[in-house]
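Let's see this in three dimensions:
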Amino acid sequence: LNDREYNATKSAVEDFESSPESTELQDALKEYAKGETSYMEKFWWDAYLYQEEPLPINTNPCFVLEDDPGHGGADQISRATSLSMSTLKLVRE
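Numbering: from 1, shown residues only. Coordinates of the predicted model:
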């Protein structure tokens, strides 16, 4: 990132941190994680450990983010926001 992009990102993060939405999302995450060792644990089990097909012993799962055709060249902030919102929608369902 160049300085302008960095400052824009920093500003967007600070704006989000002080918004009511960030408190709402943090509270929802805490509620979701009650009784769990980690809020990621269930997701990790579902995405990786409950695979039905056999996996090689050296499998290391990862997520690869391809270019998003629906956002045609969107900047990183827009893409990260879209990805975060989509993930939260998935978790809520």
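
just for this protein, where's the confidence low?
Scanning the chain for pLDDT under 70 picks out the ranges 51, 55-74, 93.

if I look at the residue positioned nearest the centre of the chain, how far off is residue 21?
The centroid of the chain falls nearest to residue 84 when counting by Cα atoms, centre = their mean (4.3 Å). With distances taken as Cβ to Cβ, to the nearest Å, residue 84 is found 11 Å from residue 21. Just so you know, the C-beta spots here come from the backbone N, C-alpha and C atoms, and that holds for glycine as well.

swap in residue 36?
23 Å.

what does residue 34 give?
Distance from residue 34 to residue 21, by Cβ to Cβ: 21 Å.

biggest helix in this structure, by residue count?
helix 76-92 (DSSP state H).

Quick check: which element contains the residue lying closest to residue 22 once chain neighbours are set aside?
Excluding the flanking residues, the one nearest residue 22 by Cβ to Cβ, 6 or more residues apart in numbering is residue 16, at 5.3 Å. In this assignment (DSSP states H and E), residue 16 forms part of helix 3-17.

All set, thanks.
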